[in-house]
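Visitor: my questions concern the predicted model and sequence given below.
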Amino acid sequence: MNIFNVLSQGKSRLHEPSISAMLGYLLDTQHDHGLRDSFFRGFLNLINEKIQNAELNEILNSGFIKTSVTLEEAYNFENSRKDIDIEISILDKENNEIFRIIIENKIKASSGNKYQLSDYYLAITEDEETLNNLILVFLTPDSLNTTLNKEFENLVVKNGHEKVWIKWNGSDNNILELVREIIDKESKGMINPINEYMRHTLKAFIVHLNNTLESKTRERIEFGEDIGEIVDDVSIKMKNGEEYRIIRRNSTQIQIFFNDEKIVAKPILRKIIQENNFDIPLNGINTRTMGKKVIDALRV
């Protein structure tokens, strides 16, 4: 039995926040997973291989690395709430923060948004103007999606801050490979023993993520292929608290996401029109025309 696959069935399927929660749990060196700082050290090495930061070298060469991890940490930017997927504080012996790592996690390449990463960074630095030793990690599947490239390229960081793109999977050093290395090192006695339940959980996590990250074909059958580049991207929160993301591509294709999953667009567009009393026909126009009109109305 794979507990991650079980929890992903039906309406309760796992989404990015759940995967972020599991990753955050592993990265918290004070948690009860039994890994102490071995997983976090591997993660820090992935980062440092790309940026060669002197202070990270010093941390990696020290004793036990103490971290504190928070999920969905809220910041404000231009009167809009920005929730950071994973925020890691590296602490000294007195529990003072000496380094901060921010992770923007995407498990679906289609959830790329060319300005999101930049907005999140601006929200953090606007809230804490004197923040030093900050690294922003862009964590995504290994994909040729051009929007992901644009999202990373659009992020411009200040002197003293760093940005790093790390992949969940692929040929490059990645997170799934790091989890495999932890299991392998434990079996060879290179790190402290892991209890059987944790070992089983790590293996299940690898299998589930492999299936999730490689499910592009199944998604296309159900929802249709992404056609063209994103030219419009707006979000709306409904009165019942549900949040939708509406995308228009240069092919005029309209897509709607709920909890980072593509859903059938037209019923949601009608719902938005009715709730906001937009002067847009509910019938007699196709989804692409209706979607364009809704996006325009939301931008007014």
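Guide: All right, it came through fine. Numbering: from 1, shown residues only.

Visitor: ok, now which ones touch the most centrally placed residue in the chain?
Guide: Taking CA atoms, centre = their mean, the centroid of the chain lies closest to residue 105, which sits 1.5 Å from it. Residues counted as contacts of residue 105 (CB atoms under 8 Å, 6 or more residues apart in numbering) are 16, 19, 20, 23, 85, 86, 139. To be clear about C-beta, it is placed using only N, CA and C from the backbone, and glycine gets the same treatment.

Visitor: just the buried members of those?
Guide: Buried subset of these (neighbour count, 16 or more other CB atoms under 10 Å): 16, 19, 20, 23, 85, 86, 139.

Visitor: just the helices from the stretch 201-300 of the chain, written as ranges.
Guide: Secondary structure of the stretch 201-300 of the chain (DSSP state H, counting those that start in this stretch): helices at 216-223, 265-276, 287-299.

Visitor: which one, of those helices, ends up nearest to residue 246?
Guide: helix 287-299 (5.9 Å; CB to CB).

Visitor: got a list of contacts for the closest one?
Guide: Residues outside helix 287-299 that contact it (CB under 8 Å, 6+ apart): 232, 234, 236, 246, 248, 252-254, 256, 265-266, 269-270, 272-273, 276, 278, 280-281, 285.

Visitor: likewise stretch 159-176?
Guide: By CB under 8 Å, 6+ apart, the list of residues contacting stretch 159-176 reads 23, 43, 46-47, 49-51, 53, 107, 121, 125, 132-142, 152, 155, 157, 206, 209-210, 213-214.

Visitor: by mean pLDDT, which helix or strand of this structure comes out lowest?
Guide: helix 216-223 (a mean of 40; mean pLDDT, DSSP states H and E).

Visitor: can you turn the buried part of the contacts of helix 287-299 into a PyMOL selection?
Guide: Buried members of the contacts of helix 287-299, defined by 16+ other CB under 10 Å, are picked up in PyMOL with:
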select buried, resi 232+236+246+248+253+254+256+265+266+269+270+272+273+278+280
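
Visitor: got the domain ranges for the protein?
Guide: For the chain, automatic domain parsing gives the domain ranges 3-214, 225-299.

Visitor: for the last one, the distance to its chain's centre please.
Guide: The one in question is domain 225-299. Centroid displacement of domain 225-299 relative to its chain, using CA atoms, centre = their mean, to the nearest Å, is 22 Å.

Visitor: wait, residue 82 sits on residue 73?
Guide: No. Taking contacts as CB atoms under 8 Å, residue 82 lies outside contact range of residue 73: 9.2 Å.

Visitor: of the two, which one has the most company?
Guide: More neighbours surround residue 82 than the other of residue 82 and residue 73, with 18 against 14 (other CB atoms under 10 Å).

Visitor: for residue 65, find the nearest of the helices of the stretch 201-300 of the chain.
Guide: The closest of the helices of the stretch 201-300 of the chain to residue 65 is helix 216-223. By CB to CB, the value is 35.7 Å.

Visitor: so where do the strands sit in this structure?
Guide: 66-77, 80-91, 97-105, 134-140, 161-167, 230-237, 243-249, 254-258, 261-263 (DSSP state E).

Visitor: if you compare those strands, which one is most tucked away?
Guide: Most buried of those by mean neighbour count (mean count of other CB atoms under 10 Å) is strand 134-140; its value is a mean of 22.
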